[in-house]
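1. Following is a predicted model, sequence given first.
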Amino acid sequence: MSEIPGVVVTGVSGRMGQMLAHEIAASDKVRLAGALEHGGHDWIGRDIGAAMGGAETGVIVTDDPAEAFRGAAAVVDFTAPSATLAFAEAAAAAGAVHVIGTTGFSDEQLDALGRVAGRGVQVRAGNMSLGVNLLVGLTRKVAEALDADWDVEVVEAHHNRKVDAPSGTALMLGEAAAEGRGVALSRVADRGRDGMTGARTRGAIGFSAIRGGDIVGEHDVIFAGEGERIVLRHVATDRAIFARGAIRAALWGIGRAPGAYDMSDVLGL
Ligand SMILES: NC(=O)c1ccc[n+]([C@@H]2O[C@H](COP(=O)([O-])OP(=O)(O)OC[C@H]3O[C@@H](n4cnc5c(N)ncnc54)[C@H](O)[C@@H]3O)[C@@H](O)[C@H]2O)c1
Ligand SMILES: O=C(O)C1=N[C@H](C(=O)O)CCC1
C-alpha cells in the first residue's frame, strides 16, 4: 500500500480538472487515486491518461462518487455548486478531505455545505492561489485604514466560458473590504448597474465583471478617493496556481478535525 496520499479529482475533463490531473501526476507528494465525471460523459470507463491524450495511468474515469472516494485521502473538486453539494456528503462519508474550488454558490447552498462540515474536513476558497489570498489580507488592511469617502470597486475579468458572476475571488475581496470597514457585505454590495442608477451610494462596494476570450482571471480592488486612487491588482496567467494551491490544501487537511477551513488557514495568513 502506497504511503503517498491518494487524491480524487472531480470534473476531471474540465479546465481545472485536467490541470489538477497534470499537477498531481507531476507531484511526488500526492498520487491520483480516482477521476470523476458526470453520468453520460464520454470519458466514463476510459483511462484518464489516455482520455487526456497521454499515457495510461491505471485510473479509470467513473461517475460513482462512493466508489471513487473509498480509501482516498482527499477529493479535489472544481465542478459546479449542485455537484459539489453531493460530493460534500460523499467525501464526509468516506472520511476524505474535501477541497472545494467551485464558485457560484447561493447562500442556501453555502449553509448546506456548512452543515456537512460538522462531519468532514472542508477547505473551500473562491481562489486557491497564494497571490490572491495575500491580496485579500491587503484589501482588508487598506479598507481598515480608509473611511467611506473612499469608494471601493472590485473589477474582475475572466474567460468567456465562466458561468458565475461576480467571481468567487471578487466576492472574497469584497468580503475583505467589508470586514475592514466593519460592515456586512450583503448590506453594501452593489452588483449590477444599468440605466438611470442614480449617483453612487456612499459606502457601497461595487462589483463589475468582464468576460472575454481566454482570460485566466484578473482582479482589481479600487479605492477611489478625491484626487487620488489606490488600485490593488492580481493577474493570473496560469491555472496551475489554483491547482497547486488545491493540492497544498488537500495535504494540509489530512488528519484535521472536521470543520470548514479556507486558504488563510492552509497558508497561515
Ligand atoms: N477556487 C479557485 O481557485 C478556482 C480556480 C479556477 C476555477 N474555479 C472554479 O471551479 C469551477 C470549475 O471551473 P472550470 O473552469 O474547470 O470549469 P469547467 O466547466 O471546465 O469544468 C467543470 C467540470 O465539472 C464537471 N461536472 C459538472 N457536474 C458534475 C458532476 N455532477 N459530477 C462530475 N463532474 C461534474 C463538468 O463535466 C466539467 O468537466 C468553477 O466554479 C470555477 O469558478 C475556482
Ligand atoms: O476560471 C474560473 O472560473 C475562475 N474562477 C475562480 C473565481 O470565480 O474567482 C478563480 C479564478 C478562475
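-> Cool, the structure landed. Ligands and ions are numbered 1, 2, ... in the order given.
2. need the contact list for A55.
-> Shown in contact with A55 (Cβ atoms under 8 Å, 6 or more residues apart in numbering): G49. All C-beta spots, glycine's among them, are computed from the backbone N, C-alpha and C.
3. do the one 5 residues further on as well
-> When contacts are counted by Cβ under 8 Å, 6+ apart, I60 is found next to A35, G45, R46, D47, I48.
4. again, but for R239
-> R15, M16, M19, V216.
5. G39 now?
-> G39 makes contact with D63, according to Cβ under 8 Å, 6+ apart.
6. about what we covered before: of the contacts of I60, grab the buried ones for PyMOL.
-> Buried subset of the contacts of I60, written as a PyMOL selection, criterion 16 or more other Cβ atoms under 10 Å:
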select buried, resi 35+46+47+48
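7. Out of the contacts of I60, which sit inside helices?
-> I48 (DSSP state H).
8. Ligand 1: which of the contacts of I60 is nearest?
-> A35 (9.8 Å; Cβ to the nearest ligand atom).
9. so what pLDDT did that closest one get?
-> A35 is assigned a predicted lDDT (pLDDT) of 98.
10. Distance check, it against ligand 2.
-> According to Cβ to the nearest ligand atom, to the nearest Å, A35 stands 20 Å off from ligand 2.
11. Report the beta-bridge partners for that residue.
-> Beta-bridge pairing for A35 (DSSP bridges): V9, V61.
12. So it sits against D63, correct?
-> No. Using Cβ atoms under 8 Å, A35 is not in contact with D63, being 10.4 Å away.
13. quick revisit: can I get the buried part of the contacts of R239 as one PyMOL selection?
-> Of those, the buried ones go into a single PyMOL selection, burial set by 16+ other Cβ under 10 Å:
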select buried, resi 15+16+19+216
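14. Cross the contacts of R239 against helices and list the overlap.
-> In this view, those that belong to helices under DSSP H are R15, M16, M19.
15. so which of the residues you listed also contact ligand 1?
-> By Cβ under 6 Å from any ligand atom, the members of those lying near ligand 1 are R15, M16.
16. Next up, the contacts around whichever residue of the stretch 151-269 of the chain sits closest to ligand 1.
-> Closest contact between the stretch 151-269 of the chain and ligand 1, by Cβ to the nearest ligand atom, is at F242 (3.6 Å). For F242, the contacting residues are M16, M19, F78, G101, N127, M128, S129, A236, by Cβ under 8 Å, 6+ apart.
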